[in-house]
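Chemist: Give me a 3D structure for the following:
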Amino acid sequence: MLRVNGSCQVGGVSRLKYSLIGFVRNYIGKILYKQINKAIFYSTVNKTREFTINPWFLTGFSDAESCFSIKINKDQNYSTGWAVGLVFHIGLHKKDLALLESIKKFLGVGKIYYVEDMIFYRVQSIKDLEIIINHFDNYSLITQKHSDCLLFKMAFDLIKNKEHLTIEGLKKLIAIKASLNLGLSEELKKAFPTIVTVLRPVVVNQTIPDPQWVAGFTSGEGCFFINIFNSKTKIGFGTKLSFQITQHSRDEQLMKSLIVYFGCGSYTKRKEGLAGDFRVTKFEDIFIKIIPFFQRHQLIGEKIQDFQDWCKCADLIKAKRHLTEEGLEETRKLKARMNKGRK
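Modeler: Predicted coordinates for the structure are as follows:
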């Protein structure tokens with residue numbers, strides 16, 4: 001089962017990034033629980049750059065990158081025969097350590113772990129998870145991930161009231177888990193074959209609440225592209241910029257609302273139907289609307305470097321320097337170090 005996980009550019013062509021559901025953002029859910037126990041706990045011995053986190057930025061970024069998980073594993077040390085736990089986590093490439101450290105500092109809870117080239121911010125105690133839930137009560141998610149959050153909150157209330165320590169309460173928890181992420185493992189399905197899945201809550205309000213939500217969501221899901229193509233110019237090449245956010249088709253209405261929000265762009269559904277792209281390609285819209293917006297409401301993390309290089313290329317185009325050999329070479333250097341090319 002595939003999950004759309006943004007997009008990237010390969011050879012000048014925009015391609016979807018897919019991940020198995022339960023692998024990257026749900027990484028801890030099925031694969032990482034064993035690894036996380038062997039992972040290196042990160043403690044801020046060496047100072048990293050700190051970012052100021054706005055609460056709406058955190059919600060937008062969580063709409064893009066976070067995951068809510070329920071753990072249920074066999075354990076004879078418990079009267080029900082099963083151990084349960086909740087985890088809120090955000091997983092990024094280790095280059096974004098400073099961003100996760102800033103989120104951890106803002107919330108005041110959680111720990112950070114390394115697993116190979118990935119780094120995870122993880123919150124799991126009931127006391128600490130109450131802070132996470134309170135944040136999203138006050139600054140609500142607006143993608144379909146809001147449904148996951150509501151299910152997670154149901155599970156949290158159940159565990160906080162210690163209902164999970166009874167077979168009846170455990171079954172309620174399993175019914176909630178059945179609607180979350182990958183659903184139930186084969187082991188749980190076999191052990192509890194009569195469980196009736198809790199219906200996923202319907203996300204109704206997808207109104208963009210604040211510019212900082214957009215900055216946070218774009219820091220997670222946005223892409224800034226430079227496309228160099230053959231043309232009839234004197235140097236034989238032209239340059240085109242594009243700004244893109246790719247999201248699962250279940251959030252199509254939210255993506256379409258970005259057209260109204262920015263006053264530009266278009267939405268195109270992918271042929272396979274799993275996802276769609278909000279895209280801005282008109283240079284005037286990029287220069288007058290998109291760039292000033294993100295200069296006022298700044299991106300955070302590694303993506304800010306892509307945006308800065310993209311802006312430099314926009315300045316080259318505005319001054320028509322991209323039509324000179326020197327400008328073309330500069331454009332190529334900017335493109336080469338953006339997105340996947342950045343070390």
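Chemist: domains of the protein?
Modeler: If you go by automatic domain parsing, the domain ranges for the chain are 36-141+145-191, 211-341.
Chemist: Tell me which of these sits nearest to V202.
Modeler: V202 lies closest to domain 36-141+145-191 among these, at 7.5 Å (CB to CB). For the C-beta atoms, the positions are set from N, CA and C on the backbone; glycine is no exception.
Chemist: mind listing the helices for the stretch 1-150 of the chain?
Modeler: Ranges of helices in the stretch 1-150 of the chain, per DSSP state H, counting those that start in this stretch, are 27, 33-36, 55-65, 97-107, 126-138, 145-160.
Chemist: the residue most distant from the middle of this structure, which is it?
Modeler: Most distant from the centre of the chain: K234, at 41.8 Å, with distances by CA atoms, centre = their mean.
Chemist: residues contacting it?
Modeler: By CB atoms under 8 Å, 6 or more residues apart in numbering, the residues touching K234 are L323.
Chemist: In which helix or strand does it reside?
Modeler: Remark: K234 resides in no helix or strand, with elements defined by DSSP states H and E.
Chemist: Give me the distance between it and E330.
Modeler: 16 Å (CB to CB, to the nearest Å).
Chemist: For stretch 262-276, which residues meet the burial criterion?
Modeler: 262, 264-265, 267, 275-276 (16 or more other CB atoms under 10 Å).
Chemist: For these, which two are the farthest from each other?
Modeler: Spatially, the most separated pair among those is C264 and A275, at 20.7 Å (CB to CB).
Chemist: ranges for the strands of the stretch 101-250 of the chain?
Modeler: 111-115, 118-123, 222-230, 237-248 (DSSP state E, counting those that start in this stretch).
Chemist: count of residues packed around T239?
Modeler: 24 (other CB atoms under 10 Å).
Chemist: Quick check: bridge partners of it?
Modeler: Going by DSSP bridges, T239 is paired in beta bridges with I228.
Chemist: Report the contact partners of it.
Modeler: With CB under 8 Å, 6+ apart, T239 has these contacts: 226-229, 313, 316-317, 322, 328, 331.
Chemist: now C264
Modeler: 280, 282, 285, 289-290.
Chemist: Mind giving me the PyMOL command for buried ones among the residues you listed?
Modeler: Command for PyMOL that selects the buried part of the contacts of C264, burial taken from 16+ other CB under 10 Å:
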select buried, resi 280+282+285+289+290
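Chemist: Narrow the contacts of C264 to those in helices?
Modeler: Here DSSP state H is the test, and those give D285 as lying in helices.
Chemist: Out of the contacts of C264, which comes closest to Y139?
Modeler: For these, the nearest to Y139 is I290 (24.0 Å; CB to CB).
Chemist: thought that closest one was touching R279?
Modeler: No: between I290 and R279 there is no contact under CB atoms under 8 Å: 10.9 Å.
Chemist: Would you format the strands of the stretch 101-250 of the chain as JSON lines with mean pLDDT and distance to S179 included?
Modeler: Listed next are the strands of the stretch 101-250 of the chain as JSON lines, based on pLDDT from 0 to 100; distance: least, CB to CB, whole Å:
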{"stretch": "strand 111-115", "mean pLDDT": "94", "distance to S179": "27"}
{"stretch": "strand 118-123", "mean pLDDT": "97", "distance to S179": "21"}
{"stretch": "strand 222-230", "mean pLDDT": "96", "distance to S179": "29"}
{"stretch": "strand 237-248", "mean pLDDT": "96", "distance to S179": "16"}
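Chemist: Figure out which of the ones you listed is closest to R200.
Modeler: The closest of the strands of the stretch 101-250 of the chain to R200 is strand 237-248. By CB to CB, the value is 14.0 Å.
Chemist: And the helix or strand following that closest one, how far out from the chain middle?
Modeler: Remark: after strand 237-248, the chain's next helix or strand is helix 252-262, criterion DSSP H and E. In terms of CA atoms, centre = their mean, to the nearest Å, the centre of helix 252-262 is found 18 Å from the chain centre.
Chemist: Now helix 252-262 - C-alpha only, CSV.
Modeler: The C-alpha trace of helix 252-262 is given here as CSV (Å, rounded to 0.1, in the frame of the first residue of the first chain):
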residue,chain,number,x,y,z
GLU,A,252,-8.0,17.9,-2.9
GLN,A,253,-10.3,20.6,-1.6
LEU,A,254,-7.6,22.0,0.7
MET,A,255,-5.1,22.0,-2.2
LYS,A,256,-7.6,23.8,-4.4
SER,A,257,-8.2,26.4,-1.6
LEU,A,258,-4.5,27.4,-2.0
ILE,A,259,-5.4,28.9,-5.4
VAL,A,260,-7.8,31.3,-3.7
TYR,A,261,-5.4,31.9,-0.8
PHE,A,262,-2.4,32.9,-2.9
